[in-house]
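Peer 1: sharing a sequence plus its predicted fold:
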Amino acid sequence: MKHKLSFAGAAMAIGSLVLAGQVHAETVPPVTDPLGVLVLPKGAPLEIGGYWVLSGSDAALGVDQKRGVELAIEDWKKTLVGHPIVLDAQDSQCSAEGGQIAATKLASNPNTVVVIGPSCSSEATPAAPILWKAGIVDIGTSSTAPSLTAADRNAGFHGFARTVFSDADQGKGDGNYIFNVLKAKKVVTIHDGSPYASQLVAEFVKTYAALGGTVLSQEAIQPTDVDMHPLLTRIAAEKPDVIYMPIFVAAAGQIARQAKTTTGLETTQLIGGGSLMTGDIITAAGDAVVGMKITYPDISPEALGKGYPDFVEKYKSAYGEAPVSGYHAMAYDAAAIAFKAIEQVAKTDDEGTTYIGRQALRDAIFATDTDGISGRIKCDADGECAQFKLGVFEYVNADPTTFKIGDNPKKIYP
C-alpha cells in the first residue's frame, strides 16, 4: 500500500529465485495430492512463513499481527504434528515491492508449509499468486481489499484466504454510520492509491451516495506527501461535513495537523480506518488527533470470541504492554486455523516422517467453521472467513502513552 523505499534492486537480485511454479500431482506414500506433497523428516522444523509491515511509520500494524501468531505458536507449545514450529517472518513494508520480495523468499523455501499475513492489501496483491504458484496457502490478517476474495478473482488468488473482513462490508458500514448516525450529508474522500484505501473509498461512496449523501469530491494523495495545504484549502472551499480518509499513519498525521490550521476546516470531522488503530497516529497528529474518529471492528465482548479477554492478558504478559494495534486477534486466528488444518491432513509414518498434501491443506483451511478469538471464523469458497461488525472509536487524548483500544481511542458506537 505504500511506501518510501524502492525495492527494484532487491527484486532484480532475487528474481532468479522466483519459482517456475511446477506444482504437480504427486504420490508419496501414504499421501497422494494434486498439488504435491511436502515431506518433513523426523525432527525437521515445520516452517510457517509470515510477512507483514515490520518497519516504518506503520510498523505497529505488522508487529501486532506477528505477535498474534507467536502467541498461537506458544499455545501449541511450539510443536505441531511432532515437529518444532519455526516462524520465518519477512518485513514486506506495506508495499507491492515488499510483498513480491517476501513471497518470493518464502516460496523458494520448499519447506514452507503455509504463509500467514500480510498486513496490507498492497502486499497481498502481488504476493498471493507467487505463493499459490508454489502450492502455498496464504492467510491474510489485515489485508481487506475486496478484490482479494472476490468471486471473479483470477486463479492466482485461489490459495488466498483471510481472517479479516472485506472492505466491501466495512464500506457499507461506514456509509451507513456517517449518513444515518452522524447525519453528515456532504463528504470529501481521500485515498492514497493503495488497494486498501481506494477500494474501501469506492465501497463507502457506493453506499453513502445510495443513501442520499453528497460526495463533493474524491481526492488522491501519495503516502509520502507532506504539504497538504493546497489539498485542504481546496476541500475547505467545498465545505464538507466529513473528510473520510482511510489512509495510513504518516499522511493521516499531516492531514490532521494541517486541517486544524486551514480556514474552514478547524472543526470538520476527520474519519479514518483501521490502519489508524495505533498509538503512532497520536504521535503523528499531535494535539490534532483529539476528536479524530476511526471505523474499526466492534471489540465488545458480544462481538468478539469469548477467549479474547484472556488472550489480551497473555499478550500483556508476553510483551509487557497492551496490543499496539488492532489486528492481533485476526492473526492469532489465522495461525490457529492453519495449525488445526495441518493436524487434520498430515500423515506421519512409523519412522516419524510427516507428509502434508498441499491441496488437502488448502481445502481444510477453506472448510474452516469455528469460533475464534476474533469472532466467528467461517470460510466461504473464495476464502472470506470473517464477518464485519462496525465499531467507531474516537481519540480523546494526545499523549501516545495513553493508547489503549477502547479507552484511547474510546469506543463511541455502537
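Peer 2: Received the coordinates, thanks. All figures in this text were calculated on a predicted structure; none of them were measured in a lab. Numbering: from 1, shown residues only.

Peer 1: burial count for E26?
Peer 2: Neighbour count for E26, taken as other C-beta atoms under 10 Å: 17. Placement of C-beta: from N, CA and C, glycine included.

Peer 1: local confidence estimate at it?
Peer 2: Model confidence at E26, given as pLDDT, is 90.

Peer 1: contacting residues for it?
Peer 2: By C-beta atoms under 8 Å, 6 or more residues apart in numbering, the residues touching E26 are 32-33, 35-37.

Peer 1: neighbour-wise, give me the winner out of these.
Peer 2: Among the contacts of E26, D33 has more neighbours than the rest - 24 neighbours, counting by other C-beta under 10 Å.

Peer 1: any idea what it is bridged to?
Peer 2: Taking DSSP bridges as the rule, D33 bridges to E26.

Peer 1: ok, it to V205 distance?
Peer 2: The gap separating D33 from V205 is 44 Å, by C-beta to C-beta, to the nearest Å.

Peer 1: so after the helix or strand where L131 lies, what's the next helix or strand?
Peer 2: When secondary structure is defined by DSSP states H and E, L131 falls within helix 121-133. Using DSSP H and E, the helix or strand that directly follows helix 121-133 along the chain is strand 138-140.

Peer 1: run the chain-centre distance for that following strand.
Peer 2: Counting by C-alpha atoms, centre = their mean, to the nearest Å, strand 138-140 is centred 9 Å from the centre of its parent chain.

Peer 1: packing partners for it?
Peer 2: Where contact means 3 or more C-beta pairs under 8 Å, 6 or more residues apart in numbering; DSSP states H and E, strand 138-140 is packed against strand 112-116, helix 121-133, strand 160-162, helix 328-345.

Peer 1: for the closest residue to P45 other than its chain neighbours, give me phi and psi.
Peer 2: Leaving aside its sequence neighbours, P45 sits nearest to V86 (C-beta to C-beta, 6 or more residues apart in numbering; 4.2 Å). Note on V86: its backbone torsions stand at phi -120, psi 130 [degrees, to the nearest 10].

Peer 1: just the helices in the stretch 301-414 of the chain please.
Peer 2: 308-319, 328-345, 358-366 (DSSP state H, counting those that start in this stretch).

Peer 1: count of neighbours near I136?
Peer 2: Count around I136 with other C-beta under 10 Å applied: 26.

Peer 1: residue with max distance from the center of the protein?
Peer 2: Residue distances from the centre of the chain (C-alpha atoms, centre = their mean) peak at D350, which lies 40.0 Å from the mean C-alpha position.

Peer 1: circling back to that earlier point, the helices and strands packed on strand 138-140: which one's closest to G175?
Peer 2: Nearest to G175, of all these, is helix 121-133, at 19.4 Å by C-beta to C-beta.

Peer 1: residue ranges in the stretch 301-414 of the chain under the pLDDT threshold?
Peer 2: For the stretch 301-414 of the chain, applying pLDDT under 70 flags no range at all.

Peer 1: oops, could you answer that again for the stretch 51-200 of the chain instead?
Peer 2: The stretch 51-200 of the chain contains no residues with pLDDT under 70.

Peer 1: that one: helices as residue ranges?
Peer 2: 59-75, 96-107, 121-133, 167-176, 195-211.

Peer 1: hmm, back to that, could you pull up phi and psi at the residue farthest from the centre of the chain?
Peer 2: Torsion angles, degrees, to the nearest 10, at D350: phi -70, psi -20.

Peer 1: over to V137?
Peer 2: For V137, the backbone dihedrals (degrees, to the nearest 10) come out as phi -70, psi 140.

Peer 1: show the contacting residues for it.
Peer 2: V137 touches 114-115, 131, 159-161, 338, 358, 361-362, 365, counting by C-beta under 8 Å, 6+ apart.

Peer 1: if you set the cut-off to 10 Å instead, what comes out?
Peer 2: 35, 113-116, 128, 131, 158-161, 338, 341, 358-359, 361-366, 383 (C-beta atoms under 10 Å, 6 or more residues apart in numbering).

Peer 1: go on, D88?
Peer 2: Contacts of D88 (C-beta under 10 Å, 6+ apart): 45, 47-51, 102, 105-106, 109, 111-112, 115.

Peer 1: quick check: it vs I48, distance?
Peer 2: 7 Å.

Peer 1: please apply the same query to F248.
Peer 2: 27 Å.

Peer 1: compare the two (neighbour count), which wins?
Peer 2: Set F248 next to I48 and count neighbours by other C-beta under 10 Å: F248 wins out with 31 against 24.

Peer 1: mind listing what that one touches?
Peer 2: 1-3, 53, 56-58, 61, 94, 120, 192, 194, 196-197, 223, 272-273, 275-276, 278, 280-281, 284.

Peer 1: go again with 6 Å.
Peer 2: F248 sits next to 58, 223, 275 when contact means C-beta atoms under 6 Å, 6 or more residues apart in numbering.

Peer 1: columns distance to Y413 and mean neighbour count on top of the helices of the stretch 301-414 of the chain, output as TSV?
Peer 2: Shown next, in TSV, are these (distance: least, C-beta to C-beta, whole Å; neighbours: other C-beta atoms under 10 Å):
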stretch	distance to Y413	mean neighbour count
helix 308-319	19	14
helix 328-345	20	25
helix 358-366	33	21
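
Peer 1: among these, which is nearest T263?
Peer 2: Of the helices of the stretch 301-414 of the chain, nearest to T263 by C-beta to C-beta is helix 328-345, at 40.6 Å.

Peer 1: kind regards, and thank you for your time.
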